[in-house]
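Undergrad: I'd like to go over a predicted model; first the sequence, then the structure.
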Amino acid sequence: MKYMLIFNTALFHSTIMFRWLPSIWLLIFFLPVKGSDRVPESSAVWVYPEHREIAVLAIRQLSAEQHKLLEDIWTQVRIGHEDRLSASIIDPGHSLNSQFIDLASWPAIAGDHSCSPQEMTDIILYTDWIIKVDHIADRLRTDLNEAKRRDQTINAIRNSDIRLQRADLDYATRAGSNNVHFLLERDRVDETMEEYFIRCLREGAPLNALAAYSYYHTKAMERAAQSKLPALDQEQRSAILLAALANEAFALHFIEDVYAAGHVAGTWGDAAQRKGTHDHYNESGLEVETWDNEPLVLTGDAYMRPEDALVAARAVRKSLEQFLTVMEDSSEVVMLATEEEITPDPFNVCSNNNVPGIDFKYEMLREVLMGTPKPRLSEGLGQLDRFRAELGPFLGVSSSVGSGTLDGGFGQQQNEVAVIGSIEANLILGLGLDGVMNKAGDGLAFIQVGLRQDSPTTSQFLGPSTSFEGSSVTSTIPGRTAYNLRVRLPFWLIPGDLIILAPILSWSSPKTFQRMAVTAGNGGLIPWQLGVSTPVGRFQFVLGREVGVSFYGVNRVQESLIIPRNESNESYLVAYRSTKWDFPFLEYQPTRIFSNTQSAILKLQFSFGVDVPWRNQTLAPELAEQVELKDVWYVGARIVFDWRLYL
């Protein structure tokens with residue numbers, strides 16, 4: 001679903017390691033998606049509390065008789081599980097302190113926190129972490145209700161995703177390589193409702209939300225009919241009803257999904273286009289028309305309005321009514337073929353990519369499906385505008401203007417504080433995974449090479465008997481040029497940890513590596529590097545994620561400077577080379593400009609570092625003793641402009 005990166009500042013201490021950096025970098029990113037044609041992406045439609053709210057509305061819209069029947073079924077399902085399942089299908093005490101899971105929460109757990117009804121049932125009944133997930137969801141509900149600005153919503157989602165990843169270790173990596181949470185796009189403008197539904201439901205079709213709903217709803221109806229067999233004992237009946245409810249709840253997740261704007265926009269395009277289009281329309285909204293010709297405006301995950309919830313709840317209510325009608329109809333009974341049929345359905349939406357073969361009851365399904373939105377056309381004439389997330393490899397250019405304060409010069413006695421300026425021009429090769437999990441994430445990785453030009457320092461070389469200020473020649477550190485290198489890679493706990501672990505975990509335990517990479521992209525195991533959104537832009541601590549190195553005097557003409565002698569009027573002319581290390585620790589980034597293939601980024605970066613001289617040689621006076629130079633420490637800031645072309 002989401003993969004991130006890490007980096008190691010020590011990598012630059014070794015030319016051998018640097019030579020292998022591109023290979024290591026590619027290993028980190030592409031081994032986890034071996035066998036997949038796309039970068040994994042988020043598939044969230046409605047966030048957990050929105051899924052639950054839709055289910056609550058639908059249950060409350062049931063007639064009194066049907067509501068009572070559902071409560072009766074729930075009572076039988078709870079037998080033996082009273083310590084985990086709430087007394088009522090809608091828990092009135094549902095909150096951060098609740099230790100129970102109610103039926104209204106099941107569709108939220110389906111799909112996003114489990115891959116099949118069978119797995120969902122086991123998770124609900126037998127794991128402790130699902131209670132934590134339920135608490136996190138309730139906290140997110142509160143945070144979203146209190147959010148008044150876009151940045152507050154982004155921060156709420158960010159915090160929730162981090163908490164969910166800690167509670168549900170597979171949360172970010174559960175999604176497979178399919179589009180099961182999405183609607184298939186329409187092939188042509190005159191495609192009829194029947195043609196479209198049949199295309200979605202046919203055996204072997206790409207797995208999609210309508211097919212997933214129809215499959216599990218059909219299985220739920222079969223289990224409901226089986227539960228009325230007269231020869232069943234109480235244990236068997238409870239088990240069948242549990243399987244029936246699990247299948248139906250799993251189905252409801254996907255019928256709720258199809259009412260999110262980002263999942264109506266169509267699934268065609270590469271991963272970056274699907275992710276960007278999904279995110280854009282979920283937030284901005286999309287005008288749609290249902291198959292029964294009702295005009296709607298829909299939004300998506302974390303941006304659900306009351307009217308969105310009501311529309312989705314209407315479909316959920318119809319589905320539940322069909323399910324309960326089977327329970328009421330004594331004439332419809334399905335015999336049990338085997339003992340194994342008592343369990344919830346095992347079909348896994350994360351590992352299967354195609355619609356399974358099943359005898360769908362089209363007329364029954366049509367009643368629910370005809371109220372779903374018409375998806376947009378596939379790529380071509382009349383297509384919906386697409387938007388791109390910053391996913392995938394890119395080439396780019398970067399320029400920057402910076403200034404820093406030095407603690408002196410290279411001479412042992414040069415301790416006067418000075419200011420220096422710089423400009424850079426660079427080429428970038430990178431991989432964008434920015435905001436793959438949420439808009440506050442940081443999965444950016446790049447290698448950057450270029451040239452740097454430094455101004456002379458504001459402090460001047462002053463001999464014991466001189467009192468004038470000169471130009472660059474007499475500066476403590478004259479103007480100079482350098483070859484510039486910069487690398488950015490997030491990390492899990494310490495800089496470079498996943499670089500070391502990648503060759504091992506990518507083969508021995510890919511899931512563990514993916515979990516660590518996801519955590520790295522969202523601030524690390526100790527999430528102090530979270531991106532924080534504000535009304536004026538985004539702030540992030542980045543210490544350890546990025547390092548820059550500038551090499552001075554490595555060309556044919558060495559850099560030189562004047563160093564005063566301690567107890568005479570003479571000075572030394574010293575040639576030297578130096579390596580300046582730059583460690584950014586804080587970034588500010590205004591809102592980015594991003595088209596379908598290009599990205600323009602402006603940011604302000606604060607850093608500290610050290611300039612380490614080496615291979616110094618005294619040029620004058622002749623036969624003079626070797627002059628020892630000292631390291632120069634600095635703090636600085638630079639304004640960076642990056643332009644990227646995504647490939």
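TA: Received the coordinates, thanks.

Undergrad: Helix, strand, or coil at Ile500?
TA: At Ile500 the chain is in helix, as set by DSSP: H, G, I helix; E, B strand; the rest coil.

Undergrad: how close does it get to Ile447?
TA: From Ile500 across to Ile447, the span is 18 Å (C-beta to C-beta, to the nearest Å). To be clear about C-beta, it is placed using only N, CA and C from the backbone, and glycine gets the same treatment.

Undergrad: Among those two, which residue is more densely surrounded?
TA: Legend: neighbour count by other C-beta atoms under 10 Å for Ile500 and Ile447, higher for Ile447 (19 against 14).

Undergrad: Leaving out chain neighbours, which residue sits closest to Arg174?
TA: Once flanking residues are discounted, Arg174 sits nearest to Cys350: 5.8 Å by C-beta to C-beta, 6 or more residues apart in numbering.

Undergrad: neighbours around that neighbour, how many?
TA: Residue crowding around Cys350 was assessed by other C-beta under 10 Å; the count is 21.

Undergrad: how near is it to Gly496?
TA: 31 Å.

Undergrad: Now Pro584: phi and psi?
TA: phi -60, psi 140 (degrees, to the nearest 10).

Undergrad: Please verify my assumption that it contacts Val542.
TA: Yes. Counting by C-beta atoms under 8 Å, Pro584 touches Val542, with 5.3 Å between them.

Undergrad: so what sits against both of those two?
TA: Gln605 (C-beta atoms under 8 Å, 6 or more residues apart in numbering).

Undergrad: quick one: the helices in the stretch 351-500 of the chain?
TA: When assigned using DSSP state H, counting those that start in this stretch, the helices of the stretch 351-500 of the chain occupy the ranges 362-369, 497-508.

Undergrad: if we compare the ones you listed, which one ends up closest to Asp301?
TA: Distance to Asp301, taken as C-beta to C-beta, is lowest for helix 362-369 among these, at 21.6 Å.

Undergrad: Other residues contacting the closest one?
TA: With C-beta under 8 Å, 6+ apart as the contact definition, helix 362-369 has outside contacts at 197-198, 201, 210, 213-214, 217-218, 221, 255, 291, 315, 318-319, 322.

Undergrad: before we move on, back to that, put together JSON lines for the helices of the stretch 351-500 of the chain, with distance to Gln460 on each row.
TA: As requested, the helices of the stretch 351-500 of the chain are exported to JSON lines (distance: least, C-beta to C-beta, whole Å):
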{"stretch": "helix 362-369", "distance to Gln460": "80"}
{"stretch": "helix 497-508", "distance to Gln460": "44"}
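
Undergrad: where's Gly544 relative to Gly531, distance?
TA: Gly544 sits 15 Å away from Gly531, going by C-beta to C-beta.

Undergrad: Likewise for Lys603?
TA: For Lys603, the distance to Gly531 - C-beta to C-beta - is 11 Å.

Undergrad: quick one: which of these two has more around it?
TA: The neighbour count for Lys603 versus Gly531, taken as other C-beta under 10 Å, is higher for Gly531 (23 against 19).

Undergrad: Was I right to think that one contacts Arg158?
TA: Yes. Gly531 is within contact range of Arg158, at 7.3 Å (criterion: C-beta under 8 Å).

Undergrad: Tell me if I'm right that Ile130 and Ile124 touch.
TA: Yes. Assessed by C-beta under 8 Å, Ile130 is found in contact with Ile124 at 5.9 Å.

Undergrad: hey, what's in contact with both of these two?
TA: With contacts taken as C-beta under 8 Å, 6+ apart, Ile130 and Ile124 have 101, 109 as neighbours in common.

Undergrad: what number of residues lie near Leu296?
TA: Using other C-beta under 10 Å: Leu296 sits among 17 other residues.

Undergrad: Does it belong to a helix, a strand or coil?
TA: Once three-state DSSP is applied, Leu296 turns out strand.

Undergrad: give the contact list for it.
TA: Taking C-beta under 8 Å, 6+ apart, we find Leu296 in contact with 287-290, 311, 373.
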